[in-house]
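Novice: Dropping a prediction and its sequence here:
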Amino acid sequence: MGLQQNGFKNLYGVEIQPYAVEKAKEYTQHVNILQGSGLDLPFKDGFFDVVGTNGVLIHISPNDLPTVMGEMVRCSKRYIWGFEYYMPEITTIKYRDNVGYAWKGDYAKMFMEQFPGQLRLVQQEFFPYVNPAEQGNMDCMYLLEKVSA
């Protein structure tokens with residue numbers, strides 16, 4: 001909804017769980033929500049001006065991150081945007097009392113390392129948690145731009 005309020009049109013979302021696709025369709029209007037996987041996005045190269053995630057990459061196994069990131073870059077005409085848990089190095093964290101389902105990391109750095117010379121960091125902001133019990137935790141929002149060859 002925030003993207004729509006800021007003038008973005010022709011929005012798409014990809015969700016792996018069919019039930020979550022149906023639920024998302026109940027809460028959105030004028031958004032194309034498809035069932036699919038980030039490992040094989042069903043879009044042509046350069047289909048979108050911006051490809052982004054919000055709390056998604058944290059749930060992708062580090063072994064699968066290069067594939068998902070590659071798909072995001074492939075589908076983007078110009079920008080990669082993200083808002084994810086942050087830690088300077090990839091770190092496994094507990095998620096709903098389970099291990100192996102969530103990771104913190106420096107996702108902007110990982111993108112740039114995977115695509116050297118192909119992406120540039122436009123902006124990066126860090127958001128420390130305000131809850132004293134979670135002191136030291138932070139999220140990171142970043143915007144990367146594809147560099148013309």
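Specialist: Good, I have the coordinates.
Novice: Only C-alpha atoms from now on, for both contacts and neighbour counts.
Specialist: Noted.
Novice: Report the contact partners of residue 146.
Specialist: Shown in contact with residue 146 (Cα atoms under 8 Å, 6 or more residues apart in numbering): 77-80, 118-120.
Novice: And for the residue lying closest to it once chain neighbours are set aside, the neighbour number?
Specialist: Counting by Cα to Cα, 6 or more residues apart in numbering, residue 146 lies nearest to residue 119, which is 4.5 Å off, once chain neighbours are set aside. For residue 119, the neighbour count with other Cα atoms under 10 Å is 22.
Novice: pLDDT score for residue 119?
Specialist: On pLDDT, residue 119 comes in at 98.
Novice: now do residue 105
Specialist: For residue 105, pLDDT reads 97.
Novice: re earlier: now, which of the contacts of residue 146 lie within helices?
Specialist: Among those, no member falls in helices (criterion: DSSP state H).
Novice: ok, these vs residue 16, which is closest?
Specialist: Ranked by distance to residue 16 (Cα to Cα), the contacts of residue 146 are led by residue 80 at 20.1 Å.
Novice: Which pLDDT value belongs to the closest one?
Specialist: For residue 80, the pLDDT comes out at 98.
Novice: ok, it to residue 56 distance?
Specialist: 13 Å (Cα to Cα, to the nearest Å).
Novice: quick one on the thing from earlier: neighbour-wise, give me the winner out of the contacts of residue 146.
Specialist: residue 80 (27 neighbours).
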